[in-house]
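next one to model:
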Amino acid sequence: MLSPKDIYQAQLDELGQAYWDMDFSKVLDMIHFPSFVETDDLTLHLPDRESYLTSLISQRDNLTMRGATAYHRICRDAVVAHDDPHRIEGIHEVYALRGATLVMDPYLTQMSLVYKNGAWLCTGLRSATTNKNLKIVKHPEPTTGSPAPEAALKET
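As a prediction, this is how the structure comes out:
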């Protein structure tokens with residue numbers, strides 16, 4: 001039996017390869033909707049496949065413009081949710097490289113997976129970075145600001 005970390009890393013690898021190959025249809029097949037993408041300065045609520053496509057293309061174009069030749073995501077930890085054996089919560093680090101050189105600072109992302117219809121699907125992402133500087137996501141109607149309490153934002 002695979003561990004939660006093995007399942008999570010396999011999902012990262014498969015999603016990451018499809019994304020890097022610009023097989024956005026496959027990427028979207030691996031996401032459970034509605035979904036979301038959150039950075040420190042932007043939250044996207046994604047009700048369906050079509051609403052996510054613009055962001056996927058924008059982020060991939062941004063990596064190409066930066067000269068990236070590789071994109072890797074490494075699982076740091078993953079666990080089965082205590083209240084749902086069909087849900088995995090994990091955290092991973094994202095690397096964009098040109099050869100062995102970073103094209104941007106690595107950042108941590110939390111991802112949730114759910115097991116539906118025989119497959120693990122991503123339900124959302126929370127990335128510890130800013131969209132403003134990295135242009136990770138693009139969407140016609142972003143919600144600015146983090147849902148974190150204002151006091152927590154002031155502590156950093």
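
and the helices in the chain?
4-20, 24-29, 49-65, 131-134, 150-155 (DSSP state H).

I'd like to know how far the closest residue to T39 other than its chain neighbours sits from N62.
Once flanking residues are discounted, T39 sits nearest to N131: 4.3 Å by CB to CB, 6 or more residues apart in numbering. C-beta coordinates here come from the backbone N, C-alpha and C atoms, glycine included. Separation of N131 from N62 (CB to CB, to the nearest Å): 10 Å.

between those two, point out the one with more neighbours.
The residue with more neighbours, out of N131 and N62, is N131; 24 against 18, by other CB atoms under 10 Å.

thought L42 was touching the more buried one, still the case?
Yes. Contact criterion CB atoms under 8 Å: N131 and L42 qualify, at 4.2 Å.

let me know which of the helices of the chain is the nearest to C75.
Nearest to C75 among the helices of the chain is helix 4-20 (4.3 Å), distances taken as CB to CB.

give the buried residues for the closest one.
For helix 4-20, a neighbour-count test (16 or more other CB atoms under 10 Å) marks 4, 7-9, 11-12, 15-16, 18-20 as buried.

ok, now stretch 73-92?
Of the residues in stretch 73-92, those buried (16+ other CB under 10 Å) are 73, 75, 78, 87-92.

redo the residues you listed as TSV? Include pLDDT.
What follows is these, written out as TSV (pLDDT from 0 to 100):
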residue	pLDDT
R73	96
C75	98
A78	98
R87	97
I88	98
E89	98
G90	98
I91	98
H92	98
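
so which of these are in strands?
73, 75, 78, 87-92 (DSSP state E).

which two of those have the greatest separation?
With CB to CB as the measure, no two of these lie farther apart than R73 and R87, at 19.2 Å.

find the centremost residue of this structure, please.
In the chain, the residue lying closest to the centroid (CA atoms, centre = their mean) is L125, at 4.5 Å.

list the residues that contact that residue.
The contact partners of L125, by CB atoms under 8 Å, 6 or more residues apart in numbering, come to 36-38, 109-111.

need the max-distance pair from these.
F36 and T109 (12.4 Å).

looking at those two, which one has more neighbours?
T109 (21 against 18).
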